[in-house]
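> Return a 3D structure for these sequence lines:
(one chain, ligands or ions: 2)
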Amino acid sequence: MERKWWQDKVAYQIYPKSFYDSNNDGIGDIPGIIQKLDYLKDLGVDIIWISPCYPSPFADQGYDISDYYDINPAFGTLEDMDHLLAEAKKRDMYIILDLVVNHCSDEHEWFKKACEDPDGKYGNFFYIEDRKEGELPCNWRSYFGGSVWEPLPGHPDKQYLHVFHKKQPDLNWENPEVREEVYKNINWWLDRGVSGFRIDAIINIKKKLPFKDYPVDRPDGLSSIHYMLEDATGVGEFLGEMRDHTFKPHDAFSVGEVFNEKEEELPDFIGSNGYFSSMFDFSTTVFGGSPNGWYDHKEITPEDYKECCFHSQKRIGDIGYLSNIIENHDEPRGVSHYIPDGDLSLQSKKFLAAMYFMLRGLPFIYQGQEIGMENLTFTSIDQVDDISSIDEYHVALDAGCTEKEALACVSRYSRDNARTPVQWDTTENAGFSKGTPWLPVNPNYKDINVEAQVNDPDSLFSFYKALIALRKDPEYKETIVYGELIPYLEEQHNLMSYYRKGDKTLLVLGNFQKEPQSAVLPSAYKKVLLNNYPEVSVSGNTVTLDNYQVLILEL
Ligand code: TEU
Ligand code: CA
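Ligands and ions are numbered 1, 2, ... in the order given. The predicted model follows:
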């Protein structure tokens, strides 16, 4: 594939509400991001994705936008955003925003106007249907539970579609006026200095019309949206048009939140003239997911993790460039998710860091990941804020789980795990805010915090910094950024190992278990580029790896 400006970068996701609170109202904000830019620069970050920071009633933490042309007063002002863009630019950093255009907020003026006059211009911005005797146009279940249909405020004889929360009415992408509005907004931000977008829930913009029922798959009598998405074709027409009107003329970076794409569509999505620059590899996050709900999810083992990563790498090959993650704002903390038996140690965290970071693709770090932030343990459902977790709690109870079991699955998978405030130091509220944080701080902040790690050469933070420095090292960049990935000793149990081959040959060798194990080296090595233990134990052509030991070798 042709090389792109963003490919040799390292990206970092900020969830602004929980990043850093500059004015002590308990909510992170844009001036707070500006204050921490040097911290991110020191880590080696280039691209910063900021989760939605626009005006929003926060029904879904800002993924319900009521004005696409402004900044949420809780986060600051447009001037603050301009200031952030300028400060980032000074440091050769790039800001990308979240593009949430499958839906808007029910408090957006378009929806308000649609409620005033459902037959007028704005009625056609949404999916509004007649409601005869309470009948639903179709039996689809919204992602957050319940029917996707909700009575239209002020019009009991009509109803509107929302595949997410009822406060997130879906925009009607079939209407060219809607698409025009979306492109206008994207270009407005790009012209303002934003370098691109992460594109939210984008697969959902294409609905299979006319509305019809799909198989009922839960006791609620409704049908998972996935049946409809499988059946819908033609999303590419919208996405190609969006690319041509916005990203392409600006040479912007775009990363799609794409799920369930069909194999043959990969080149269309991220090939040389793809709809997006890149898309996230969700193969490990969705592994074990059950259509029944979180309570029925299957745990991922080290072997599964390895298989998912290698499968994605093989299918993408040189078609395009994936974006790699171990967590985001919708997922449990990566270390809590992928390291079995809660065996969280500095070594296991470093192991996981190196394993995903050295894959071919653009690495994203989610805030707090670089210091090894962990899941929260919930002791009561009242501590949960996230709408998705609350729904899943009830799904679990309805399926016959006890309250304890339901709470355990929420604890395991809740989106709030990743949304607790960043742990900056050992002072009150982990230094995130002097006010009351909107979501409680993880009580482990005295042990896990930025201040304790930035100057410690053995810390996880320093390990991430070394991984980033290695990716950018002129000697190895060609291989790490552009080289191919070839699995090594793929069959060896709980060993995750792969070559990166470019103008050099590197071998990433990791022991994904807490017992030591030996592995045969393919040849002698020239240099140890990274090691999470002080020593390498080799005898002849065999290396013995300590528990969760990971080595990056130059062969
Ligand atoms: O998520 C899209 C998505 O597919 C979700 O259903 C995701 O699987 C779910 O959050 C897991 O519980 C995006 C955003 O990342 C998410 O935060 C938003 O809630 C959602 O879109 C709606 O905008
Ligand atoms: Ca604040």
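
> and the residue in the chain that ligand 1 sits nearest to, what is it in contact with?
Closest residue of the chain to ligand 1, C-beta to the nearest ligand atom: residue 63 (3.3 Å). C-beta coordinates here come from the backbone N, C-alpha and C atoms, glycine included. By C-beta atoms under 8 Å, 6 or more residues apart in numbering, the contact list for residue 63 reads 51, 52, 56, 98, 100, 164, 168, 200.

> what subset of those is also close to ligand 1?
Restricting the contacts of residue 63 to those touching ligand 1 (C-beta under 6 Å from any ligand atom) yields 100, 164, 200.

> So which of these wins on neighbours?
residue 100 (28 neighbours; other C-beta atoms under 10 Å).

> quick one: pLDDT of the residue most central in space within the chain?
Centrality entry for the chain: nearest residue to the mean C-alpha point is residue 328, 3.9 Å, by C-alpha atoms, centre = their mean. As predicted, residue 328 sits at a pLDDT of 98.

> likewise residue 13?
99.

> now swap in residue 135 and tell me
89.

> Next one: it relative to ligand 2, how far apart?
Distance from residue 135 to ligand 2, counting by C-beta to the ion, to the nearest Å: 46 Å.

> now swap in residue 277 and tell me
Residue 277 is 32 Å from ligand 2, by C-beta to the ion.

> got it, and residue 522?
Taking C-beta to the ion, one finds residue 522 at 53 Å from ligand 2.

> Now do the contacts for the nearest residue to residue 14 once chain neighbours are set aside.
Of all residues not flanking residue 14 in the chain, residue 50 sits nearest, at 4.9 Å (C-beta to C-beta, 6 or more residues apart in numbering). By C-beta under 8 Å, 6+ apart, the contact list for residue 50 reads 14, 16, 33, 95, 96, 97, 98.

> Pull up the residues of the stretch 1-150 of the chain that are close to ligand 1.
60, 63, 100, 143.

> Now the two most distant members of those residues.
100 and 143 (13.6 Å; C-beta to C-beta).

> just the strands in the stretch 101-250 of the chain please.
128-130, 149-152, 155-161, 196-199 (DSSP state E, counting those that start in this stretch).

> What residues of the shortest one count as buried?
Spelled out, it's strand 128-130. Buried residues in strand 128-130, counted by 16 or more other C-beta atoms under 10 Å: 128, 129.

> Contacts for it, please.
Counting by C-beta under 8 Å, 6+ apart, 114, 118, 137, 149, 152, 157, 158, 159, 160, 161, 211 sit against strand 128-130.

> Pick out whichever of the residues you listed sits closest to residue 534.
Out of the contacts of strand 128-130, the member with the shortest distance to residue 534 (by C-beta to C-beta) is residue 161, at 58.6 Å.

> residues near the residue lying closest to that closest one once chain neighbours are set aside, how many?
In space, and not counting its chain neighbours, residue 161 is closest to residue 127: 3.7 Å by C-beta to C-beta, 6+ apart. Using other C-beta under 10 Å, residue 127 is surrounded by 24 other residues.

> what's near enough to touch residue 127?
Applying C-beta under 8 Å, 6+ apart, we find residue 127 in contact with 160, 161, 169, 170, 172, 207.

> Touching, residue 138 and residue 213? I think so.
Yes. Counting by C-beta atoms under 8 Å, residue 138 touches residue 213, with 5.5 Å between them.

> Now do the shared contacts for the two.
residue 223.

> out of these two, which sits in the busier spot?
residue 138 (19 against 14).

> For the more buried one, give me its contacts.
148, 149, 211, 212, 213, 214, 223, 228.

> Filter these down to the buried ones and express that as a ChimeraX selection.
Filtering the contacts of residue 138 down to the buried ones (16+ other C-beta under 10 Å) takes a single ChimeraX command:
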select :148,149,211,214,223,228
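
> Between which two of the contacts of residue 138 is the distance greatest?
Going by C-beta to C-beta, the pair spanning those furthest: 149 and 214, at 14.3 Å.

> For residue 132, report the pLDDT, please.
pLDDT, read off for residue 132, is 87.

> Tell me, how many residues neighbour it?
Residue 132, neighbours per other C-beta under 10 Å, totals 7.

> and the chain, which of its residues are near ligand 1?
Counting by C-beta under 6 Å from any ligand atom, the chain sits next to ligand 1 at 60, 63, 100, 143, 164, 200, 201, 257, 329, 330, 388, 415.

> can you list those in TSV and add distance to residue 467?
Below are the residues of the chain next to ligand 1 laid out as TSV (distance: C-beta to C-beta, whole Å):
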residue	distance to residue 467
60	33
63	30
100	31
143	34
164	35
200	28
201	30
257	24
329	22
330	24
388	31
415	26
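
> From these, pick the one nearest residue 483.
When the residues of the chain next to ligand 1 are compared against residue 483 (criterion: C-beta to C-beta), the nearest one is residue 257, at 26.7 Å.

> where along the stretch 451-555 of the chain do the strands fall?
484-487, 495-501, 505-511, 517-520, 527-531, 537-539, 542-545, 550-554.

> Name the surrounding residues that touch the first one.
Right, the one you point to is strand 484-487. Residues outside strand 484-487 that contact it (C-beta under 8 Å, 6+ apart) are 310, 313, 317, 318, 359, 360, 497, 498, 499, 500, 501, 502.

> Pretty sure the fourth one sits against residue 3.
Spelled out, it's residue 318. No. Counting by C-beta under 8 Å, residue 318 sits too far from residue 3 to count as a contact (11.9 Å).

> From the contacts of residue 138, which land in helices?
Under the assignment DSSP state H, those contribute residue 228 to helices.

> Just the buried residues from the contacts of strand 128-130, in PyMOL please.
To isolate the buried ones among the contacts of strand 128-130 in PyMOL, judged by 16+ other C-beta under 10 Å, type:
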select buried, resi 114+118+137+149+152+158+159+160+161+211
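
> ok, of the contacts of residue 138, which one's closest to ligand 2?
residue 148 (34.2 Å; C-beta to the ion).

> what does the model give that closest one for pLDDT?
We note a pLDDT of 98 for residue 148 in this prediction.

> Let me see the contact set for it.
Per C-beta under 8 Å, 6+ apart, neighbours of residue 148: 138, 140, 141, 142, 161, 162, 163, 225.

> got these as TSV, with pLDDT and distance to residue 379 columns?
Listed next are the contacts of residue 148 as TSV, based on pLDDT from 0 to 100; distance: C-beta to C-beta, whole Å:
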residue	pLDDT	distance to residue 379
138	98	39
140	98	35
141	97	29
142	98	29
161	98	37
162	98	32
163	98	32
225	97	32
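
> how close does the residue in the stretch 151-300 of the chain that ligand 2 sits nearest to get to residue 184?
Residue nearest to ligand 2 within the stretch 151-300 of the chain: residue 194 (21.6 Å; C-beta to the ion). Distance of residue 194 to residue 184, computed by C-beta to C-beta, to the nearest Å: 14 Å.

> again with residue 50
Taken as C-beta to C-beta, the span from residue 50 to residue 184 is 21 Å.

> Which pair in the contacts of strand 484-487 has the greatest spatial separation?
318 and 497 (21.2 Å).

> how much space is there between the residue nearest to residue 161 and ligand 2?
36 Å.
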